[in-house]
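K.L.:
Prediction below, plus the sequence it came from.
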Amino acid sequence: MNTRFLSIILYLLSFTIAEAQPWKKDIEKSIESLNKAMVLQDRQLLEKLTADELSYGHSTGLVENRKEFVNNVMSGPVKFVSINDSAQNMNRSGNIAIVRQFSFIKGTRNGEALDIKIGILMIWEKQGSLWKLLARQGFKI
């Protein structure tokens with residue numbers, strides 16, 4: 001009896017773990033695509049990956065809405081060369097996912113070299129079949 005019960009529990013646990021992974025992979029892909037869009041200055045992809053209600057907070061304290069964020073990526077003082085993430089931690093509640101991570105950013109600001117490491121908190125919302133960035137806050141570490 002105990003062996004049968006344990007087998008059922010293990011089966012259900014493995015099913016739960018298998019079901020939990022696809023959303024994480026989808027968000028990881030969305031984050032990678034967002035980073036790529038920032039480096040390539042791809043307006044269409046930036047708009048696809050961000051919610052209309054976006055609140056984008058920088059580690060400097062500047063907070064932008066979606067239009068400001070996209071416009072600054074396209075023609076602002078910062079040009080991204082690379083964005084690499086580490087120590088990613090994700091949690092989900094319904095159609096909302098919370099991501100914490102560290103980002104290593106290389107680029108230029110007003111033509112001068114930029115090389116920073118920041119912490120980032122992001123909130124992604126599932127809208128239809130896509131995960132869209134709803135809020136982001138960078139912080140100095």
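P.N.:
Received it, and whenever you're ready, just let me know what you need.
K.L.:
contacts, neighbours, all on C-alpha from now
P.N.:
Noted.
K.L.:
Backbone dihedrals for Q101, both of them.
P.N.:
Here is the backbone geometry of Q101 (degrees, to the nearest 10): phi -160, psi 170.
K.L.:
who touches stretch 51-62?
P.N.:
The contact list for stretch 51-62, computed with C-alpha atoms under 8 Å, 6 or more residues apart in numbering, reads 63-66, 69, 118, 132-140.
K.L.:
The helix or strand A97 falls within pairs with which strands?
P.N.:
Secondary structure assigned from DSSP states H and E places A97 in strand 96-109. Here strand 96-109 is paired, per DSSP bridges, with strand 78-93 (antiparallel), strand 112-127 (antiparallel).
K.L.:
in the last one, what's buried?
P.N.:
What that stands for is strand 112-127. K117, I118, G119, I120, L121, M122, I123, W124, E125, K126 (16 or more other C-alpha atoms under 10 Å).
K.L.:
And the first one, by the same measure?
P.N.:
Applying a neighbour-count criterion of 16+ other C-alpha under 10 Å, the buried positions in strand 78-93 are V78, K79, F80, V81, S82, I83, D85.
K.L.:
on that earlier part again, I'd like to know which of the contacts of stretch 51-62 are part of strands.
P.N.:
Mapping those onto strands (DSSP state E) picks out 63-65, 118, 132-140.
K.L.:
Thanks a lot, catch you later.
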